[in-house]
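Colleague: Can you look at this prediction? I've put the sequence above it.
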Amino acid sequence: MASLDISSIKRDFPILSRKIRENNRLVYLDSGATSQKPNSVLDAERDFYTQHNAAAHRGAHQLAEEATELYEGAREKVASFIGADVDEVIFTKSATESINAIAYSMGNAQSGSRFHISRGDRIVVSEMEHHANLIPWQELARRTGAELVWFKVTDDGRLDLTNLSELINSRTKIVALTHQSNVLGTINPLEDIVKRTHEVGALFVLDACQSVPHYKVNVKSLDIDFIAFSGHKMLGPTGVGILWGRKELLDEMPPFLTGGSMIETVTMESATYLDAPKRFEAGVPNMAQAVGLGAAVDYLSAIGLDVIHSHETELTRAAISGLRTIAGLTIIGPTDMTLRGGVVSFAIEGIHPHDLGQALDSYGIAVRTGHHCAWPLMRRFKTVATTRASFYLYNDLDDVNALVDGVERARKYFVER
Amino acid sequence: MASLDISSIKRDFPILSRKIRENNRLVYLDSGATSQKPNSVLDAERDFYTQHNAAAHRGAHQLAEEATELYEGAREKVASFIGADVDEVIFTKSATESINAIAYSMGNAQSGSRFHISRGDRIVVSEMEHHANLIPWQELARRTGAELVWFKVTDDGRLDLTNLSELINSRTKIVALTHQSNVLGTINPLEDIVKRTHEVGALFVLDACQSVPHYKVNVKSLDIDFIAFSGHKMLGPTGVGILWGRKELLDEMPPFLTGGSMIETVTMESATYLDAPKRFEAGVPNMAQAVGLGAAVDYLSAIGLDVIHSHETELTRAAISGLRTIAGLTIIGPTDMTLRGGVVSFAIEGIHPHDLGQALDSYGIAVRTGHHCAWPLMRRFKTVATTRASFYLYNDLDDVNALVDGVERARKYFVER
Amino acid sequence: MELDSLYQEVILEHYKRPLHKSLKANPTIQVQHINTSCGDEITLNLHTDGTVIQDITWDGIGCSISQASTSVVSDLVRGKSVGEALATIDAFQAMIQSKGADTGNEDVLGDGVAFAGVAKFPARVKCALLGWMATKDAISQSQSKNER
Amino acid sequence: MELDSLYQEVILEHYKRPLHKSLKANPTIQVQHINTSCGDEITLNLHTDGTVIQDITWDGIGCSISQASTSVVSDLVRGKSVGEALATIDAFQAMIQSKGADTGNEDVLGDGVAFAGVAKFPARVKCALLGWMATKDAISQSQSKNER
Ligand SMILES: Cc1ncc(COP(=O)(O)O)c(C=O)c1O
Ligand SMILES: Cc1ncc(COP(=O)(O)O)c(C=O)c1O
């Protein structure tokens, strides 16, 4: 397999030559929170604004035509990136909005619709969900009287599937799970869960925030119903997310945000709505951000997700084995590389993650500390916070070594002082 | 009053030197749909990405601190621009989302809350609303059983206020009106309506998409409760909007989108929420767009909204008097400049707006044609579409003359051929 | 000039003097179609015995492109068999959506080839298709009515 | 080095050997405060006769900054009058939120001045304030309880 020319990649990301605190090299290990952006993405956005900016779908003049073409071109790029049809790809502002859109649309569905949910129905999530894939469902359950149930997590950080067929039963309307945990790094095995979901006639929603940016995800071969992810975690701009759904579901699903450009006809009393994707894109869209995301997809595709994935696997393996040599350090999550992606959480005796993160920052190393928007998972592991390093295509073994050395140095600073 | 140095302003907007169709100068008269962006806005976004990009509010490392400071700094700029307190300003993706947020939050309110709305309650809008300030309320009415009623529009394009105190009565929960019509250009007189709204204990929502970009709007002196507007119509990036609300209302209002960064505590069963603005900003925010909007506000403030407004008034006056010399042309909306802003809709006998817009485009002039997302208003004026020219600070009298000449030339092309 | 490539003489001719623009009573099927982006709408009456398109009449408001195009299709498919009519509509649609690659066969499309220039103006494609899609819809509704 | 300006010896000292970190029974008021961005939480027991702070004890988990800072405040305000205690807390808050402009008065803040460096790390300001805000909350709750 081709390997990555990291020094040339690093040059595409201007921020990586920044200096941190007292003139340290930036070692950015927080891509799980948000990724950095290559020049090509920034250039695509700027080119949109300086050459083609106008309201897409809302004008017959040349700029509006060009803006429409660029915006719809971005949709095509994203669609082919995840193996979807172009009309199935909806631009939202974030994965958070995408998931809320499904939850609110279901709340809007009238009885008789396959999206209708009410008392006695069931929503299934897991204990390892990000708040973005938990609270919208809690709220939907509260509004409708449906019941929220969840998969537990095993001690080694995997989904506990022993009660799969009890949890997902004939009352289940929706199963919403993360593809990869943003804390543990665990990649969840989907096949049996999706099969069971469809067996009982329920819909499967995948939170792909931590997977789509890092390895090949094909919505058709996963046989799922909806997917949500964010542009900013995959080299794209902030302010753009994706909701994908199977076309026949989207066309049946009630709208969520309403307003301009999603209507068929409007009177003072009522309105009728266009088909997907327009039905779900009310208002002047986040055009420049969609175009930037298109450029991000081009960048990732040119390198190849397989190459990126095996590079990240190599870094993660090195990080885990390096970190394990440090006194009092525990990895939280699976250590078997076949079960996980490039997100590594750990704890170290006697040092609070906040202090560790601060020390690493003073050496130029950016990691995430805290509950990672997965508070129930923290409780599951009887802690309040972890330290998390996450890798992406622009990281290299020097970065991994900087992390391991930095953690050891911080340990000495706090524990041995 | 200082006047504008338009040629120097034009240099700040790279797109204005583009050529259209057969090498025509771009005459951009579609700012009512979306405005163009000055270099300073594009530079602010790029600087964010190349120097400070990280997840705001979610990390203790230096980049995250800087990103947080820039994002919150943008909030301060927007707050002072509209005379609000900083904690009252919420970043959304668009005005459309802002208005939907209020409507959905009200839908989420439990009985007993002042936001709760149910059968027998009333929502008041007008016949001149943009779909974005009409359909969310239709849908809220449908979901809750509340009644939607509306102000009619007079023949000369003003709100018909003769039945003000019947429309807004003790059953009224919310009054949602546009500040300036995006079709007619009418600026609505708010004082009596807001007074009556508060007299009956209802809340007043202002759709300020067409006002905040063009003249001074102070939320406190208007004495309103909520305001919504979009960044992209005021020199800012796409993908960012504003929801402002009075602090005590926001703190009582149930959340809309739920997920990360808006929670206080989370268990598998339920969550508690932070105060505004965080409660209404779930997920990694549209940071670069907020920062870009901050730069747009700086740009507008440096020139001064009073200067901009009087410049636009001059252009609009010239446009109206020029257009009126054309055979068969009617202005739709008030012609008295004290009642209107810089958006001019017109019809011309024997030429469909779509054809007129196409002809103008071929001369390099970008206008909007169609129903302008205000279909009920079109019906009110017994038409399906109008042609609309809209002005902004980068337009000059040459642009106005190009419009008038272009319309006459198009008339000859279609009518006299 | 580019504008002339869009607004061919024959289009303006149809616009000013549209054919069959007057609804004939008792249609087999009546359909209404709307261009949701600009509000233009047409009502179209189809008379057919299930095999042959006997008559197409219509009314509505819209831009020159949509009006002229509806005039053309209403005249072009009358008297044709249902299969021929549908094939003609498909040929027109292919031309219009070809982004300029397909300039149309005059033997099949008659005055319809004048709309080849529309393909270069994506925002106007819907205008050119409005009457054609209404006709297609009316024919297919009449077919399923027949099957019942 | 910058890190040392944050982690003063006296802070690490309080962190390793926190004062009054053991809840005393029968408090006048008990409060729980959480740092919502990292999940740290403390429980704080206040004993007061309404005029004087008799005792402050606490428990909880958190970073060195929040733990040490709670240790400092619990020791600093005990024995003070309610008014004095609130003034001390205000002085600490002013210092911490001054972005470095206010380095604190040791006569008022005692070991609290060691936290002056935190002002330069905005993400840690909440950590330093956790115990102080809990104390302030407990005092004001005890006051309104008194008034009833
Ligand atoms: C008056 C008015 N309200 C609402 C909107 C909706 O704004 P956006 O599409 O940016 O959400 C617009 C612009 O399209 C408008 O002109
Ligand atoms: C697994 C997972 N789900 C959902 C989200 C929410 O994404 P966003 O904040 O971009 O909406 C994130 C990232 O924060 C995540 O890691």
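Modeller: Alright, I've got the coordinates. Ligands and ions are numbered 1, 2, ... in the order given.

Colleague: what residues does chain A put near ligand 2?
Modeller: Selection of chain A residues close to ligand 2 by Cβ under 6 Å from any ligand atom yields A:94-96, A:130, A:132-133, A:178, A:182, A:207, A:209-210, A:230, A:232, A:241, A:373. Any C-beta I mention is one placed from the backbone N, CA and C, and that applies to glycine too.

Colleague: Below-threshold pLDDT in the stretch 151-300 of chain A: ranges please.
Modeller: Judged against pLDDT under 70, the stretch 151-300 of chain A has no low-scoring part.

Colleague: Kindly report the same for chain C.
Modeller: For chain C, applying pLDDT under 70 flags the ranges C:1, C:148.

Colleague: One more pass at 90, please.
Modeller: C:1-3, C:5, C:35-40, C:99-100, C:120-123, C:144-148 (pLDDT under 90).

Colleague: at contact distance from chain A, anything in the helix ranked longest in it?
Modeller: Criterion DSSP state H: the longest helix present in chain C is helix C:125-147. No: Helix C:125-147 does not reach chain A (Cβ under 8 Å from any Cβ of the partner chain); its nearest approach is 9.2 Å.

Colleague: hang on, the earlier thing: and chain B, which of the residues of chain A next to ligand 2 reach it?
Modeller: Answer for the residues of chain A next to ligand 2 near chain B (Cβ under 8 Å from any Cβ): A:94-96, A:130, A:132, A:230, A:232, A:373.

Colleague: Can you tell me the closest non-neighbouring residue to A:A374?
Modeller: In this structure, A:A374 finds its nearest non-sequential neighbour in A:V183, 5.0 Å apart by Cβ to Cβ, 6 or more residues apart in numbering or on different chains.

Colleague: what's the neighbour count on the one you found?
Modeller: When neighbours are defined as other Cβ atoms under 10 Å in any protein chain shown, A:V183 has 27 of them.

Colleague: Just to check, A:E88 is in contact with A:E248?
Modeller: No: counting by Cβ atoms under 8 Å, A:E88 stays clear of A:E248, with 9.7 Å between them.

Colleague: between these two, who's got more neighbours?
Modeller: More crowded of A:E88 and A:E248, by other Cβ under 10 Å: A:E88, with 24 against 10.

Colleague: Could you check how far the more buried one is from B:P376?
Modeller: Separation of A:E88 from B:P376 (Cβ to Cβ, to the nearest Å) stands at 32 Å.

Colleague: got a list of what the most centrally placed residue in chain A touches?
Modeller: Using Cα atoms, centre = their mean, the residue of chain A that lies closest to the mean C-alpha position is A:C209, 1.1 Å off. For A:C209, the contacting residues are A:95, A:130, A:132, A:178-179, A:182, A:228-230, A:233, by Cβ atoms under 8 Å, 6 or more residues apart in numbering or on different chains.

Colleague: quick check, nearest of those residues to chain B?
Modeller: Among these, A:A132 lies closest to chain B (Cβ to the nearest Cβ), at 3.5 Å.

Colleague: That closest one reaches A:I102, doesn't it?
Modeller: No: A:A132 lies out of contact with A:I102 (Cβ under 8 Å); the separation is 11.7 Å.

Colleague: Compare the two and say which is more crowded by neighbours.
Modeller: A:A132 (31 against 25).

Colleague: Skipping adjacent residues, who's closest to that one in space?
Modeller: Distance criterion Cβ to Cβ, 6+ apart; nearest residue to A:A132, sequence neighbours excluded, is B:G259 at 3.5 Å.

Colleague: try A:Q62
Modeller: That would be B:I20: by Cβ to Cβ, 6+ apart, it lies 5.2 Å from A:Q62.

Colleague: which residues does that neighbour contact?
Modeller: Counting by Cβ under 8 Å, 6+ apart, B:I20 touches A:61-63, B:26, B:361, B:364, B:366.

Colleague: Show only the entries of those residues found in strands.
Modeller: Taking DSSP state E, the ones among those that sit in strands are B:A366.

Colleague: Close to chain B: what parts of chain C are there?
Modeller: C:1-3, C:6-7, C:12, C:37-41, C:61-65, C:67, C:121, C:124, C:127.

Colleague: Which of those residues are buried? Put it as a PyMOL command.
Modeller: Only the buried entries of these go into this PyMOL selection, using 16 or more other Cβ atoms under 10 Å in any protein chain shown:
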select buried, chain C and resi 3+6+7+12+37+38+39+40+41+62+63+64+65+67+121+124+127
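
Colleague: May I have the longest helix of chain C exported as PDB, CA atoms only?
Modeller: C-alpha atoms of helix C:125-147 as PDB (Å, rounded to 0.1, in the frame of the first residue of the first chain):
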ATOM      1  CA  VAL C 125     -34.700  24.500 -18.100                       C
ATOM      2  CA  LYS C 126     -37.700  24.200 -15.900                       C
ATOM      3  CA  CYS C 127     -39.500  26.900 -17.800                       C
ATOM      4  CA  ALA C 128     -39.000  25.100 -21.100                       C
ATOM      5  CA  LEU C 129     -40.100  21.800 -19.600                       C
ATOM      6  CA  LEU C 130     -43.200  23.000 -17.800                       C
ATOM      7  CA  GLY C 131     -45.700  22.300 -20.600                       C
ATOM      8  CA  TRP C 132     -44.000  19.100 -21.700                       C
ATOM      9  CA  MET C 133     -44.000  17.600 -18.200                       C
ATOM     10  CA  ALA C 134     -47.600  18.600 -17.800                       C
ATOM     11  CA  THR C 135     -48.400  16.800 -21.100                       C
ATOM     12  CA  LYS C 136     -46.400  13.700 -20.000                       C
ATOM     13  CA  ASP C 137     -48.200  13.700 -16.700                       C
ATOM     14  CA  ALA C 138     -51.600  14.000 -18.400                       C
ATOM     15  CA  ILE C 139     -50.900  11.200 -20.800                       C
ATOM     16  CA  SER C 140     -49.700   8.900 -18.000                       C
ATOM     17  CA  GLN C 141     -52.700   9.700 -15.900                       C
ATOM     18  CA  SER C 142     -55.000   9.000 -18.800                       C
ATOM     19  CA  GLN C 143     -53.200   5.600 -19.300                       C
ATOM     20  CA  SER C 144     -53.600   4.500 -15.700                       C
ATOM     21  CA  LYS C 145     -57.300   5.700 -15.800                       C
ATOM     22  CA  ASN C 146     -57.700   3.500 -18.900                       C
ATOM     23  CA  GLU C 147     -56.200   0.500 -17.100                       C
END
